[in-house]
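**Student:** kindly return the folded structure for what I paste below:
(chains A and B)
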Amino acid sequence: MSSRIAQREQRRAEREAQEQASLAQQRRRRRMWLLLGGAGVAVAILAIAIAVSQSGSKKSTSAKGPVDGAAESNALFAGIPQRGTAVGDPKAPLTLQEFADAQCPFCAQYATDVMPEIVKRYVRTGKVRMVFQPLAFIGEDSVRGARAALAAGDQGKLWTFLDLIYHNQGAENSGYMSDGFLRRIGAAIPGLDVARMLGARNAPTVDQALSTASTQASGFGIDSTPSFVLGPTGKPGVELTVNQLTVEELTGPIDAALKKVG
Amino acid sequence: MSDVAEATATVARVGAAPVDRADARLRAAMVALTAIGLGIAGYLTYIHYAGIAPVCAINGGCEKVQSSRYAEIVGVPVALIGLLGYTAIGATLLVPGDRGRLAGAFLTLGGLAFSLYLTYLELFQIKAICQWCVGSAVVMTALTALAFRRALRVDPD
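**Tutor:** This is a model prediction of the structure:
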């Protein structure tokens, strides 16, 4: 009698335990699906983000139509003598060397935010001449940009060309510095023979300029771009401390140096 | 680790114990990892704002990555997003019960997806590797694994 009750009890307990276990399993399964769903959503968003970043970099390479900043760049340097890597009066009392990489976003920031003011105040007025020292460390596109700019320098258009590259900078190392891109940039500069520029990219003078710049950079202990070296024309200069890329950071030392050279 | 496994087995046999030691261990591991993540993201945010100059470093993948155009998303530095993310994950660890575990799982999942996206950018767009960013991605991966383990192990109720 008692054993039958006990048996019944035991069976009920087993049944309950089973029900509970299956309920727990159900819940666990539901939880698994919820988390898997979350993972699926995360993967989808990730795929979209990557696709967007890729299409973004492609767009900038295949853009057609007018070149951004063409009017500004051409106007900025109009009438100022350019020769090789230099812009400005060759007899200007001061020389400002800029070590820069065509792909470096901060070099582009300098070119758009600070340099126009330097050109207007000092270069156009014959007080300062600027010299470009091409560094190309970010990647293959840096080298292609530097070579094309140097080749444009043969025709006295380096600074305009470089400025336009900055205005149209693409995603780093995306291969955007293609011949097509360089041709578009070049075509926006009146008086530049684009075919001749493209053909001159591997000239010995270009190789020379690249190796000189990197030797000079290590001489000054320059480890970042943009970096600036200011000094009397024809004499060694000193590296400027540039922390925020403001106009004042350059005009301060330039004004001080101008006072010194009289 | 065997302790954790043992405790897990015990809990599985007995059912949800009032004090879930295995869960406490997983949580403790997540707290430690979150602290590391906060350290990395905090350091990178500091570097970003202390404005070690707006420059492109010639050597050093980290500075190259941090000074690339991808270092900010609509003006918000990626490092700061990381700092906020780790803070949020840390906050879920303070929320008791299943709600906290579930929130932790979803947040770490989001963090992992973001880390993967950034690693993709480093490898294929910037082509430079920042060891701090890799460290953060590893921490986030481990956090996700632990958070999922926590969320799946305990019966939701």
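
**Student:** all helices for the chain, in order.
**Tutor:** Let's take chain A. For chain A, helices defined by DSSP state H occupy the ranges A:2-62, A:70-77, A:105-113, A:115-118, A:140-153, A:158-167, A:179-187, A:194-199, A:204-220, A:247-261.

**Student:** let me rephrase: I mean chain B.
**Tutor:** Using DSSP H, helices in chain B cover B:2-14, B:21-49, B:61-66, B:78-94, B:97-120, B:131-153.

**Student:** in JSON lines: those, plus mean neighbour count.
**Tutor:** To be clear about C-beta, it is placed using only N, CA and C from the backbone, and glycine gets the same treatment. JSON lines is the format used below for these (neighbours: other C-beta atoms under 10 Å in any protein chain shown):
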{"stretch": "helix B:2-14", "mean neighbour count": "12"}
{"stretch": "helix B:21-49", "mean neighbour count": "18"}
{"stretch": "helix B:61-66", "mean neighbour count": "22"}
{"stretch": "helix B:78-94", "mean neighbour count": "19"}
{"stretch": "helix B:97-120", "mean neighbour count": "20"}
{"stretch": "helix B:131-153", "mean neighbour count": "21"}
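
**Student:** which intervals of chain A have sub-threshold pLDDT?
**Tutor:** A:1-2, A:55-65 (pLDDT under 70).

**Student:** any chance of the helices of chain B in CSV, plus mean pLDDT and distance to A:Gly237?
**Tutor:** CSV is the format used below for the helices of chain B (pLDDT from 0 to 100; distance: least, C-beta to C-beta, whole Å):
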stretch, mean pLDDT, distance to A:Gly237
helix B:2-14, 50, 63
helix B:21-49, 91, 29
helix B:61-66, 72, 25
helix B:78-94, 95, 35
helix B:97-120, 93, 39
helix B:131-153, 92, 35
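
**Student:** that older thread, can you redo the helices of chain A as TSV with distance to B:Ala50 and mean neighbour count?
**Tutor:** Shown next, in TSV, are the helices of chain A (distance: least, C-beta to C-beta, whole Å; neighbours: other C-beta atoms under 10 Å in any protein chain shown):
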stretch	distance to B:Ala50	mean neighbour count
helix A:2-62	28	12
helix A:70-77	33	18
helix A:105-113	16	20
helix A:115-118	25	18
helix A:140-153	27	25
helix A:158-167	26	26
helix A:179-187	35	19
helix A:194-199	42	16
helix A:204-220	24	15
helix A:247-261	17	15
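
**Student:** B:Phe114: which of these is closest?
**Tutor:** helix A:2-62 (8.4 Å; C-beta to C-beta).

**Student:** near chain B, which residues of the stretch 1-150 of chain A?
**Tutor:** Applying C-beta under 8 Å from any C-beta of the partner chain, one finds that the stretch 1-150 of chain A approaches chain B through A:24, A:27-28, A:30-32, A:34-35, A:38-39, A:42-43, A:45-46, A:49-50, A:53, A:57, A:101, A:103-107, A:109, A:135, A:137-139.

**Student:** quick check, central residue of chain B?
**Tutor:** By C-alpha atoms, centre = their mean, chain B has its centre lying nearest to B:Met140, at 3.2 Å.

**Student:** against chain A, how distant is that one?
**Tutor:** B:Met140 sits 12 Å away from chain A, going by C-beta to the nearest C-beta, to the nearest Å.

**Student:** returning to what we had before: nearest to A:Arg183, out of the helices of chain B?
**Tutor:** Per C-beta to C-beta, nearest to A:Arg183 of the helices of chain B: helix B:61-66, 28.5 Å.

**Student:** contacting residues around the spatially closest residue to B:Leu44 that is not a sequence neighbour?
**Tutor:** Of all residues not flanking B:Leu44 in the chain, B:Ala79 sits nearest, at 3.6 Å (C-beta to C-beta, 6 or more residues apart in numbering or on different chains). Contact analysis of B:Ala79 by C-beta atoms under 8 Å, 6 or more residues apart in numbering or on different chains lists B:Ala41, B:Leu44, B:Thr45, B:Ile47, B:His48, B:Gln66, B:Ala71.

**Student:** swap in 6 Å and give it another go.
**Tutor:** B:Ala41, B:Leu44, B:Thr45, B:His48 (C-beta atoms under 6 Å, 6 or more residues apart in numbering or on different chains).

**Student:** for the second one, give its distance to B:Leu116.
**Tutor:** Right, the one you point to is B:Leu44. If you measure B:Leu44 against B:Leu116 using C-beta to C-beta, to the nearest Å, the figure is 17 Å.

**Student:** isn't A:Ile138 up against A:Ala102?
**Tutor:** No: if you go by C-beta atoms under 6 Å, A:Ile138 and A:Ala102 don't touch, sitting 8.6 Å apart.

**Student:** distance of A:Ala51 from A:Val67?
**Tutor:** 27 Å.

**Student:** same question for A:Ser178.
**Tutor:** Separation of A:Ser178 from A:Val67 (C-beta to C-beta): 14 Å.

**Student:** the two - which one has more neighbours?
**Tutor:** Each of A:Ser178 and A:Val67 had its neighbours counted (other C-beta atoms under 10 Å in any protein chain shown), and the higher figure belongs to A:Val67 (19 against 15).
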